[in-house]
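Chemist: any chance you could fold what I've pasted below:
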Amino acid sequence: MFRTKKCGELRLNNAGEKVTLAGWVNKVRRLGAMTFVDLRDRYGTTQLVFANNTPNVEAFTSQIGREWVIQVEGVVRERSAKNPNLPTGDIEIEVTGYKTLNPSEVPPFTIEEHSDGGDDLRMKFRYLDIRRDPVKNNLILRHKLALETRKYLDAQGFIEIETPMLIKSTPEGARDFVVPSRMNPGEFYALPQSPQTFKQLLMVAGMDKYFQIVKCFRDEDLRADRQPEFTQIDCEMSFVEQNDVLTTFEGLTKHLFKEIKGIELKTPFRRMSWNEAMSKYGSDKPDLRFAMEIVDITSTAKGKGFAVIDNASYIGAIVVKGAAHYTRKQLDALTEFVKRPQVGAKGLINIRYNEDGTLKSSIDKFYNTESLTEIAQKVQASPGDLILIMTGDSFLTTVKQLGTLRLHVANELGLMDKNHFEVLWVVDFPLFEWDDETQRYYAVHHPFTAPRPEDIPLLNTNPGEVYANAYDMVINGTEVGGGSIRIHDAELQQKIFEILGFSHDDAQTRFGFLMNAFKYGAPPHGGIAYGLDRWVSLMAGLDSIRDCIAFPKNNQGRDVMIEAPNTLDEEQLTELSLKIDISPKA
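Modeler: Numbering: from 1, shown residues only. A predicted model of the protein is given here:
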């Protein structure tokens, strides 16, 4: 046997036992007559003790180095100098036999909790990076979360059903990844952006409650919480209304937090309309771990002769509690922040409500103490607070800018406690958004989202005022999942396609299979999809989903370990009936 025990399981009550361990050399310490080796496997680390006066031991211990794979036999004994930071810190192994299973080159970075390897280096040698506890533990957490998800959904009567990976391209939303078909020259499959149409077909098929933990693919620009391939917990239910879906998946969320984090969440979760989220937080995924709500001060601030305010369509403010101490340098830095392209504001107004009750602002030239006091009262500021004000020609643009500033300030002040979780549902999203450039409506979620029943008459008169029967779950400012009640009526679905600019023939070409299925007794249905990667990163306290994925892509969508994507040779291209033209596009 390669091992009788694992490196993380031995304790003081095992003292005197003869054991065999196998693993990787984590560290070697040579101290006179003794050599100490920390042996590591997936389960933990155990200290080995070699007596150098034993025949051949010194030759062995002087040869081995970090990441060598070795096997040892020995006796468990109590350590004289215990290590309280290790679960195995009370014991050590007095080695009586040893063997090299595989030597190792010197690794390109240290395999420790805090590595000296940069992101690019660790991505290139990801199989070494996974040996480090932080990455390893994230993958174990991911496994547990997927396992508990399956347990809960199975208990609720859901059936896990796989859907195809090679499907038809339906360009709407993100770009598809496409796959050439050798057997059908000139034709292509697409990798699914989600199993949306298939799960709706499963409802038509009478499967009632479906789920799968499934890979999805989107060819879009990357960021911290986005990868070209990602994993969804995808779910659908028949004969349900919105509240049925929300209640079911509040149960899943409560179960996961209890089983994974030991946290008991209170249900029902708060529900907030999209309009309220945008008005108060400037975001459709508001972070509720701190207050700092946006307040409309348009009517209060106008009319004092300051053109920047008087000519604005909307003026909003946030109150930063206890931040009146901000220096001029800090306030200038905030002003520069809001002028950055990712925020896009022209400037920032500040009012400091000093501890002594006086008010000092960047607009003192136009606003006297009485006028500043009116604003302070409107936003419910107190002595010691800082008021930050932004103006703009568009309500939505300005509140989004304030929302970005709100998050920036909260991060600076350390208000984003990763061990505190605030969960809410955001509901009643707009069904459509208008694009001035293309002069057409686009679906905010996807074309199969049902409008609120009371808004259906507006489809003929004012589609921009129609709200969706949709919902997103937001935790700590992260959208972890979203879904909707679906359209199950072919006539209504055709109407939505018309508003989105699809002709009858276009709709039939792209989605005819689904619309035809609706003619055969489609039940009312709805569902939700959670981002598994986002769930894990949230529970692990990560800022990026990359470290909870075993083999992720970098910011250019490349796997630098296996060097993908890569070119094909001419024989492969010919077989696929493809020619490559990478000349600059006009």
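
Chemist: what about the nearest residue to residue 290 once chain neighbours are set aside, helix or strand, and which?
Modeler: Once flanking residues are discounted, residue 290 sits nearest to residue 415: 4.1 Å by Cβ to Cβ, 6 or more residues apart in numbering. C-betas here are computed from N, CA, C, even on glycine. Following DSSP states H and E, there is no helix or strand that holds residue 415.

Chemist: is it true that residue 415 touches residue 320?
Modeler: No. Applying Cβ atoms under 8 Å as the test, residue 415 and residue 320 come out as separate, 9.6 Å apart.

Chemist: list the contacts for residue 473?
Modeler: 249, 253, 269, 423-425, 479-482, 528, 530 (Cβ atoms under 8 Å, 6 or more residues apart in numbering).

Chemist: mind listing which of those are in helices?
Modeler: 249, 253 (DSSP state H).

Chemist: what's the closest of the contacts of residue 473 to residue 569?
Modeler: Of all the contacts of residue 473, residue 530 has the smallest distance to residue 569: 40.4 Å, by Cβ to Cβ.

Chemist: what's opposite that closest one in the beta bridge?
Modeler: residue 233, residue 481 (DSSP bridges).

Chemist: equivalent analysis for residue 273, please.
Modeler: Bridge pairing for residue 273 - DSSP bridges - gives residue 427.

Chemist: how many residues are close by it?
Modeler: 14 (other Cβ atoms under 10 Å).

Chemist: from residue 468, how far off is it?
Modeler: Distance of residue 273 to residue 468, computed by Cβ to Cβ, to the nearest Å: 11 Å.

Chemist: with residue 419 instead?
Modeler: Distance, residue 419 to residue 468, using Cβ to Cβ: 33 Å.

Chemist: of these two, give the one with the bigger neighbour count.
Modeler: residue 468 (23 against 7).

Chemist: wait, that one sits on residue 429?
Modeler: Yes. Taking Cβ under 8 Å as the definition, residue 468 is a contact partner of residue 429 at 4.8 Å.

Chemist: shared neighbours, the two?
Modeler: Common neighbours of residue 468 and residue 429 (Cβ under 8 Å, 6+ apart) are 444-445.

Chemist: any common contacting residues for residue 273 and residue 468?
Modeler: In contact with both residue 273 and residue 468: residue 428, using Cβ under 8 Å, 6+ apart.

Chemist: which parts of the longest helix belonging to the chain are buried?
Modeler: Counting by DSSP H, the longest helix found in the chain is helix 133-155. Judged by neighbour count using 16 or more other Cβ atoms under 10 Å, the buried positions of helix 133-155 are 135, 138-139, 141-142, 145-146, 148-150, 152-153.

Chemist: same check, this time on stretch 201-220
Modeler: For stretch 201-220, by 16+ other Cβ under 10 Å, it's 201-204, 208-214, 216-218.

Chemist: which of residue 415 and residue 320 has more neighbours?
Modeler: residue 320 (24 against 18).

Chemist: after whichever strand or helix holds residue 74, heading C-terminal, what element do we hit next?
Modeler: Using DSSP H and E, residue 74 falls within strand 69-78. Going down the chain from strand 69-78, the next helix or strand is strand 91-102, by DSSP H and E.

Chemist: how about residues contacting stretch 404-413?
Modeler: Outside stretch 404-413, the residues within contact range by Cβ under 8 Å, 6+ apart are 281-283, 287, 289-290, 292, 294, 318, 320, 323, 334, 337-338, 342-343, 345, 348, 388, 390, 416, 477.

Chemist: so which of those residues belong to strands?
Modeler: Under the assignment DSSP state E, the contacts of stretch 404-413 contribute 318, 320, 388, 390 to strands.

Chemist: any quick PyMOL command for the buried ones out of those residues?
Modeler: Of those, the buried ones go into a single PyMOL selection, burial set by 16+ other Cβ under 10 Å:
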select buried, resi 318+320+388+390
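
Chemist: need the ones in strands among the contacts of stretch 404-413 in CSV (columns: distance to residue 189).
Modeler: Output for the ones in strands among the contacts of stretch 404-413, formatted as CSV (distance: Cβ to Cβ, whole Å):
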residue, distance to residue 189
318, 48
320, 52
388, 51
390, 47
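
Chemist: what's the closest of the ones in strands among the contacts of stretch 404-413 to residue 7?
Modeler: Checking the ones in strands among the contacts of stretch 404-413 one by one against residue 7 (Cβ to Cβ), the nearest turns out to be residue 320, at 49.1 Å.
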